[in-house]
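# Generate a structure from the sequence data that follows.
(one chain, ligands or ions: 1)
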Amino acid sequence: MKKHIASCSFGKDSLAAIIVGLENNEPMDGAYYCEVMFNQWISGEVPEHRNFIYETAIPFLEKAGVKVDVVRGKKTFVDLFQHKIAGDGDWAGCIWSWPLCSRCYVQRDCKTRPLEAYKKQQWSGLEVAQYIGYASDEQVRLAKLDGTKKISLLDKYGITEDDATRICESYGLLSPIYEFAPRNGCWFCPNAKEPELLHLRKYHPHLFEDLLKLQALPCKATEKFNRDMTLYELDRHLRSLEDDLKKRGSRI
Ligand code: SF4
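Okay, the predicted model is just below:
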């Protein structure tokens, strides 16, 4: 028999898709979530989002009868950061260091590959339709679902991204991450915007310190944390932004 399984990052869209499915009695055989790990002990999720996932969202779904599988890869961000480049090319002997904004090794090795292995193991011999959290106003992403076994319940019920926010709010299931970030992603993401980085530096200084320790490692393939700056430069930039905000009486 065909199974219907939701992919969930616990962002507003994927969570709203599950809620809409439950409200409309759509078949729902479970959900899966992939957690990137910074190292063996520390999650790659922004702490507020991770707490929301484990303390609020998963208990809510499981109470509603939706079992959530948590998928983690064997490799962590720190493992990949310290991966030594083999061969005799220009970068041989250096470590991979910071992921590239456009070709993130974390996405490939901590998400895509572990999820492929999970699906191969769990879904072997089954016919599975996957629910994906694409909203009805995300036409470019929706077009990519044509010809796949992926289904957008948000599109089916005409739910836009703003509607998804309202639906999550109405269930007390809007992640606190949206108070300081437009999306949920790893706290060490090279695509993170200034408000996310300011938040990390101010409210989770131990995590920012962990990144500074990585920046201090020798022989890195790239010194730049993101497209523009090393983490030292970013640290100085964030400090001056924070000082400016304080002078203007604004809160981070
Ligand atoms: S959120 Fe950023 S660091 Fe994490 S997998 Fe995506 S692109 Fe990579």
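# and the closest residue to residue 194 other than its chain neighbours, backbone torsions?
Spatial nearest neighbour of residue 194, chain neighbours left out: residue 241 (6.6 Å); criterion: CB to CB, 6 or more residues apart in numbering. C-betas here are computed from N, CA, C, even on glycine. For residue 241, the backbone dihedrals (degrees, to the nearest 10) come out as phi -60, psi -40.
# you'd agree residue 241 is up against residue 195?
No: at 9.7 Å, residue 241 does not count as touching residue 195 under the criterion of CB atoms under 8 Å.
# if we can go back for a sec, any idea how far the residue nearest to residue 194 lies from the ligand?
Residue 241 is 21 Å from the ligand, where distance means CB to the nearest ligand atom, to the nearest Å.
# Would you mind naming what in the stretch 1-150 of the chain lies close to the ligand?
Residues of the stretch 1-150 of the chain lying close to the ligand (CB under 6 Å from any ligand atom) are 36, 99, 104, 106, 107, 111.
# Identify the residue of the stretch 1-150 of the chain closest to the ligand, quick one.
residue 104 (3.3 Å; CB to the nearest ligand atom).
# how close does that residue get to residue 171?
31 Å (CB to CB, to the nearest Å).
# And for residue 161?
Taking CB to CB, one finds residue 161 at 16 Å from residue 171.
# Tell me where the chain has helices.
Secondary structure of the chain (DSSP state H): helices at 12-23, 47-52, 58-63, 77-81, 105-106, 113-122, 139-143, 153-156, 161-170, 194-203, 205-215, 231-247.
# need those in a markdown table with mean neighbour count, mean pLDDT and distance to residue 70, can you?
As requested, the helices of the chain are exported to a markdown table (neighbours: other CB atoms under 10 Å; pLDDT from 0 to 100; distance: least, CB to CB, whole Å):
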| stretch | mean neighbour count | mean pLDDT | distance to residue 70 |
| --- | --- | --- | --- |
| helix 12-23 | 23 | 98 | 14 |
| helix 47-52 | 19 | 98 | 11 |
| helix 58-63 | 15 | 98 | 8 |
| helix 77-81 | 19 | 98 | 17 |
| helix 105-106 | 20 | 98 | 17 |
| helix 113-122 | 14 | 98 | 10 |
| helix 139-143 | 12 | 97 | 24 |
| helix 153-156 | 22 | 98 | 22 |
| helix 161-170 | 17 | 98 | 20 |
| helix 194-203 | 18 | 97 | 23 |
| helix 205-215 | 15 | 98 | 21 |
| helix 231-247 | 14 | 96 | 29 |
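# Distance to residue 29 added to the ones you listed, as TSV?
Below are those laid out as TSV (distance: least, CB to CB, whole Å):
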stretch	distance to residue 29
helix 12-23	11
helix 47-52	24
helix 58-63	12
helix 77-81	31
helix 105-106	29
helix 113-122	11
helix 139-143	23
helix 153-156	14
helix 161-170	21
helix 194-203	34
helix 205-215	36
helix 231-247	43
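# and residue 128, which of those is closest to it?
Of all the helices of the chain, it is helix 113-122 that lies closest to residue 128, at 7.7 Å by CB to CB.
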